[in-house]
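A.B. asks: Structure for this input, please:
(chains A and B)
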There are 2 protein chains.
Amino acid sequence: MALGEFALIDRFFRRPVQRAALGVGDDCALLRVRPGLQLAVSTDLLVEGRHFLSTVDPARLGHKSLAVNLSDLAASGAEPLAFTLSLALPRADEAFLAPFARGLLALADEHGIELVGGDTTAGPLTIGITVFGEVPPGEALLRSGARPGDALWVSGTLGDARLALEAFRGTVALAGEGFEQARRAMETPTPRVALGRALRGVASAAIDLSDGLLGDLGHVLARSGVGAELDEAALPRSALLAAQPAALQRTCLLAGGDDYELLFAAPESHAQGVRAAGAAAGVAVTRIGRITAEPGLVVRDAQGAALNLRGWRGFDHFAAP
Amino acid sequence: MALGEFALIDRFFRRPVQRAALGVGDDCALLRVRPGLQLAVSTDLLVEGRHFLSTVDPARLGHKSLAVNLSDLAASGAEPLAFTLSLALPRADEAFLAPFARGLLALADEHGIELVGGDTTAGPLTIGITVFGEVPPGEALLRSGARPGDALWVSGTLGDARLALEAFRGTVALAGEGFEQARRAMETPTPRVALGRALRGVASAAIDLSDGLLGDLGHVLARSGVGAELDEAALPRSALLAAQPAALQRTCLLAGGDDYELLFAAPESHAQGVRAAGAAAGVAVTRIGRITAEPGLVVRDAQGAALNLRGWRGFDHFAAP
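C.D. replies: Residues are numbered from 1 along each chain as shown, chains lettered A, B, ... in the order given. Predicted coordinates:
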C-alpha cells in the first residue's frame, strides 16, 4: 500500500482547528475548557457486523459514528466541543475513507465540533470516538435524578431503526420508500444536542436511547432508585411503524435499540418547560408515563392491562442475537 | 453468556472516582480541569495480532494499553488526570478481564489517574483508550519546537522491545533471562511521565518513541522544519542488546518501535537542566545528536561515516510486515 498511515490521516481528516489550542498531529491535542465549566466525556466503539453492516454507505457510517457519541453529550445536556477518532481498517482504502470522512465531518460542522486527534491502524473495521463537551457544574443531566411523580418523556419517534434491522434480517418486508425511511433512521440518526441543552434545569434525569427503551429506562430507574409506569399507546411512532403488526410495533418500540432519542424525566410542574424546550430544539416531545416510588417497571397496554415483561430486556451486546 | 455487559463493567472496572465530578455509569463522565490549565488528550487503539500477541499475559496487556497512552501525555509534559476505556471482546471472559483490569488499574493507581468511562462490546479483541491530562497554557512540549543547534536526547535504552519481537519471530534466539528481559520491555513499558513534566521549560520539543527512532524523529523534524544528525554509537542500549550482532542492534535501535522512551530536543545551554530532569525522574537521559538547520537526517556510525538510510523508515501500520 503506497498511502501510509500518516499521509492518510492528513488527507482526509486533518483540518485547522478553530477552538482547540492544538489539533491533530502532535502527541496530544490541547483543549481549552472555558473557565468554570466542567468537561463532559463519552466514548463509543463501533464494530462491523455488530453496530453496522459491511454494506453500509461509508458516508452514513461516518455520520452515525459521531452521532451516537453526540447523543451521549445530548443526554448530559452538554455543549459539544471536540472529538477524537480511532480507526482500525483492514486496509487504507480511499473509496471508504473519503466518504466516511465526509459524512463524519459534515455532522461535526453542523455541531461546531472539531476533530482534535486520533489513531489509525490496520485491523478489523472498528471505529472508536471520544467526544468532549462543556457543561456548567451541577447542571449536567444525570441518570440518577428521576423522582417519584416526575413525568417520563421521549423525543422524536421510536422503533424505525429496529424496523430496518428486521427488514435486513428478512423478518419483515418493507417496500421502497418505507424501507428507505427505516434505513435512514438506522443509519443516520439525529443526535438531540439542542434538546439536551434546552432541558438543563428542566429535566430531572435523562438518557439517550441506544439499547432500547426498556433497557435504557432500566438504567435510569436503577440509578435513581425509583420505578416507572409506561403507557404503550402513548409511545410515539412513525406512520410507517404504526402500519406494522402490533407485535412487531411492540418489539420495535420497547426493545428497538439505535433510536438515539432522549428519554427524560421532569417534574409535572415543568411540563410547559419541556414543551418549550422541544419547540426551541425543533423536535417533538411526548409524555409516555411517570416515575413511581415503587421500584420496577410496569408497561400498560391500550386497555390499561400490565404487559408481562418477562423475557424482555435491553439489547445486551454479549447476548445471543 | 450469563454475565451481561453492564455487570461485567461494574465488576472489574468500576471504582469510586476521586478527582472527577462523575465517573463510569452515566451517559458522560464529568471532569474538572483546574482553572487556567489546558486539557491534553490522546487516544490509542490496540488490535490483537498487530499491537500485541494473542498469547500475551492479560495483566501485562492491561498495563501496556494504558502505558502507551500515558506515554503520549509524557511526551506533552502533561499531568495525567483520567482515562476512558473501550473494549471489543470476542466474549465476556473473566479469565481475561480480571487480570487485564488488575494490570490496567495498577498502572493507573501508580499515576493517580482514574477510569471515568468506557464502552464494551462483542467483537475482535480491540482496546481503545483515551487519556486526559492537564498542562499550563504554553508549557506543553510539542513536536514543532526543535531549533538548529539544539541537542537531541533520549531517555532509557532503545531496542529491547524490537529484540523481543525478533525473538518471537524466530529471527534471533534469546536464552532464559535475556528473553524475559526483552519481553518485559515489549510487554510492560514504563511511560516517562515524571520526566516529561520535568522537561517543561527545559526541552524545546519532544515525542514518545512508539514507531521507531527514525520514524518518530522524522515527525519532529518535519513539524519543526529542521534536520538532525544522530550519533549511532551514542544510542543507549541494554547489555542484552549490546551483545547482539551489529546489524540487529542497528535495526532495533533505529527502527525498533514500542520503546516508549522520550526523544527530545533542548538548547545546549539546557544540558544541565536536562540531566537534572532525568535525575529527578529517576531515568537515564543520553545525548544522541543534534538538530541542524539543513533539512534531512544523517546518522553517523562509530567511524563518523553517514549511513545509507534509503529503505529505512518508521514502522508504518499499513506497511507489509
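A.B. asks: where do the helices sit along chain A?
C.D. replies: A:5-13, A:58-76, A:94-110, A:160-169, A:176-187, A:193-198, A:213-224, A:239-242, A:246-255, A:271-281 (DSSP state H).
A.B. asks: now the fifth one and helix A:58-76, what's the angle there?
C.D. replies: Right, helix A:176-187. Angle of helix A:176-187 versus helix A:58-76, following axes from the mean of the first three to the mean of the last three CA atoms, to 10 degrees, is 60 degrees.
A.B. asks: Might you list the low-confidence residue ranges for the stretch 151-300 of chain A?
C.D. replies: Per-residue confidence for the stretch 151-300 of chain A (pLDDT under 70) gives no ranges below the cut-off.
A.B. asks: Residues of it that sit close to chain B?
C.D. replies: Applying CB under 8 Å from any CB of the partner chain, we find that the stretch 151-300 of chain A lies next to chain B at A:206, A:207, A:208, A:219, A:223. Heads up, the C-betas are built off the backbone N, CA and C, glycines and all.
A.B. asks: out of these, which is most surrounded?
C.D. replies: residue A:206 (31 neighbours; other CB atoms under 10 Å in any protein chain shown).
A.B. asks: Just confirm residue A:227 contacts residue A:299, I think it does.
C.D. replies: No. Judged on CB atoms under 8 Å, residue A:227 makes no contact with residue A:299 at a distance of 11.7 Å.
A.B. asks: Quickly compare the helices of chain A and say which is most buried.
C.D. replies: When these are scored by mean count of other CB atoms under 10 Å in any protein chain shown, the highest mean neighbour count falls to helix A:58-76 (a mean of 26).
A.B. asks: picking up where we left off before, closest one to residue B:264 among the helices of chain A?
C.D. replies: Ranking the helices of chain A by proximity to residue B:264 (CB to CB) places helix A:5-13 first, at 20.3 Å.
A.B. asks: picking that back up, could you redo the helices of chain A as TSV and give each row distance to residue B:109?
C.D. replies: Shown next, in TSV, are the helices of chain A (distance: least, CB to CB, whole Å):
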stretch	distance to residue B:109
helix A:5-13	33
helix A:58-76	27
helix A:94-110	35
helix A:160-169	40
helix A:176-187	41
helix A:193-198	34
helix A:213-224	26
helix A:239-242	49
helix A:246-255	39
helix A:271-281	42
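A.B. asks: Got phi/psi on the closest residue to chain B within the stretch 51-200 of chain A?
C.D. replies: Closest to chain B within the stretch 51-200 of chain A is residue A:123: 3.5 Å, counting by CB to the nearest CB. Main-chain dihedrals, residue A:123, degrees, to the nearest 10: phi 160, psi 180.
A.B. asks: for it, what are its contacts?
C.D. replies: The neighbourhood of residue A:123, defined by CB atoms under 8 Å, 6 or more residues apart in numbering or on different chains, consists of A:88, A:89, A:90, B:45, B:47, B:49, B:50, B:124, B:126.
A.B. asks: If you drop the residues flanking it in sequence, what lies closest to the fifth one?
C.D. replies: This means residue B:47. For residue B:47, ignoring the flanking residues on the chain, the nearest one in space by CB to CB, 6 or more residues apart in numbering or on different chains is residue A:123 at 3.5 Å.
A.B. asks: Check the last one too.
C.D. replies: In space, not counting the residues next to it along the chain, residue B:126 is nearest to residue B:88; the distance is 4.1 Å by CB to CB, 6+ apart.
A.B. asks: Quick one: neighbours of the one you found, just the number.
C.D. replies: Other residues within reach of residue B:88, judged by other CB under 10 Å, total 27.
A.B. asks: Next one, pLDDT for it please.
C.D. replies: We note a pLDDT of 90 for residue B:88 in this prediction.
A.B. asks: now residue A:19
C.D. replies: If you check residue A:19, the pLDDT there is 76.
A.B. asks: re earlier: any figure for the gap between the residue nearest to residue B:47 and residue B:36?
C.D. replies: Computed with CB to CB, to the nearest Å, the distance linking residue A:123 and residue B:36 is 39 Å.
A.B. asks: and the gap between the most centrally placed residue in chain A and chain B?
C.D. replies: Residue closest to the mean C-alpha point of chain A, counted by CA atoms, centre = their mean, is residue A:260 at 3.2 Å. Between residue A:260 and chain B the computed distance is 12 Å (CB to the nearest CB, to the nearest Å).
A.B. asks: wait, doesn't that residue sit right on residue A:211?
C.D. replies: No. Taking contact to mean CB under 8 Å, the distance of 10.8 Å between residue A:260 and residue A:211 leaves them out of contact.
A.B. asks: Residue A:120 reaches residue A:89, doesn't it?
C.D. replies: Yes. At 6.9 Å, residue A:120 counts as touching residue A:89 under the criterion of CB under 8 Å.
A.B. asks: Distance of residue A:66 relative to residue A:131?
C.D. replies: Distance, residue A:66 to residue A:131, by CB to CB: 8 Å.
A.B. asks: out of the helices of chain A, nearest to residue A:288?
C.D. replies: Of the helices of chain A, nearest to residue A:288 by CB to CB is helix A:213-224, at 8.5 Å.
A.B. asks: Which strands and helices lie in contact with that closest one?
C.D. replies: Using 3 or more CB pairs under 8 Å, 6 or more residues apart in numbering or on different chains; DSSP states H and E as the contact criterion, the elements in contact with helix A:213-224 are strand A:205-208, strand A:227-231, helix A:246-255, strand A:262-266, strand A:296-300.
A.B. asks: please redo it, this time with the cut-off set to 6 Å
C.D. replies: Taking 3 or more CB pairs under 6 Å, 6 or more residues apart in numbering or on different chains; DSSP states H and E as contact, the helices and strands that helix A:213-224 lies on are strand A:205-208, helix A:246-255.
A.B. asks: And for stretch A:84-103, what's in contact with it?
C.D. replies: Residues from elsewhere that reach stretch A:84-103, judged by CB atoms under 6 Å, 6 or more residues apart in numbering or on different chains: A:1, A:3, A:8, A:12-13, A:58-60, A:62-63, A:115, A:117-121, A:123, A:126, A:128-130, B:43, B:45, B:47, B:128, B:318.
A.B. asks: Go ahead and measure how far that stretch is from the middle of the chain.
C.D. replies: Its chain's C-alpha centre lies 21 Å from the corresponding centre of stretch A:84-103 when counted by CA atoms, centre = their mean, to the nearest Å.
A.B. asks: How about stretch A:213-223?
C.D. replies: On the basis of CA atoms, centre = their mean, stretch A:213-223 is displaced by 15 Å from the centre of the chain it belongs to.
A.B. asks: What would that stretch look like as PDB? C-alpha coordinates only.
C.D. replies: Provided in PDB are the C-alpha atoms of stretch A:213-223 (Å, rounded to 0.1, in the frame of the first residue of the first chain):
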ATOM      1  CA  LEU A 213     -36.500   1.800  25.700                       C
ATOM      2  CA  LEU A 214     -36.900  -0.900  28.400                       C
ATOM      3  CA  GLY A 215     -33.200  -1.400  28.900                       C
ATOM      4  CA  ASP A 216     -32.300   2.300  28.900                       C
ATOM      5  CA  LEU A 217     -35.200   3.200  31.100                       C
ATOM      6  CA  GLY A 218     -34.000   0.400  33.400                       C
ATOM      7  CA  HIS A 219     -30.700   2.300  33.900                       C
ATOM      8  CA  VAL A 220     -32.500   5.500  34.900                       C
ATOM      9  CA  LEU A 221     -34.700   3.600  37.300                       C
ATOM     10  CA  ALA A 222     -31.800   1.700  38.900                       C
ATOM     11  CA  ARG A 223     -29.600   4.800  39.300                       C
END
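A.B. asks: okay, now residue A:294: neighbour count?
C.D. replies: There are 10 residues near residue A:294, going by other CB under 10 Å.
A.B. asks: hang on, isn't it packed against residue A:225?
C.D. replies: No. Contact status for residue A:294 versus residue A:225: not in contact, 11.1 Å apart, counting by CB atoms under 6 Å.
A.B. asks: quick one: common contacting residues for these two?
C.D. replies: Taking CB under 6 Å, 6+ apart as the contact rule, residue A:294 and residue A:225 have no neighbour in common.
A.B. asks: just for the stretch 1-150 of chain A, where's the confidence low?
C.D. replies: Within the stretch 1-150 of chain A, the stretches falling below the threshold (pLDDT under 70) are A:1-6, A:8-9.
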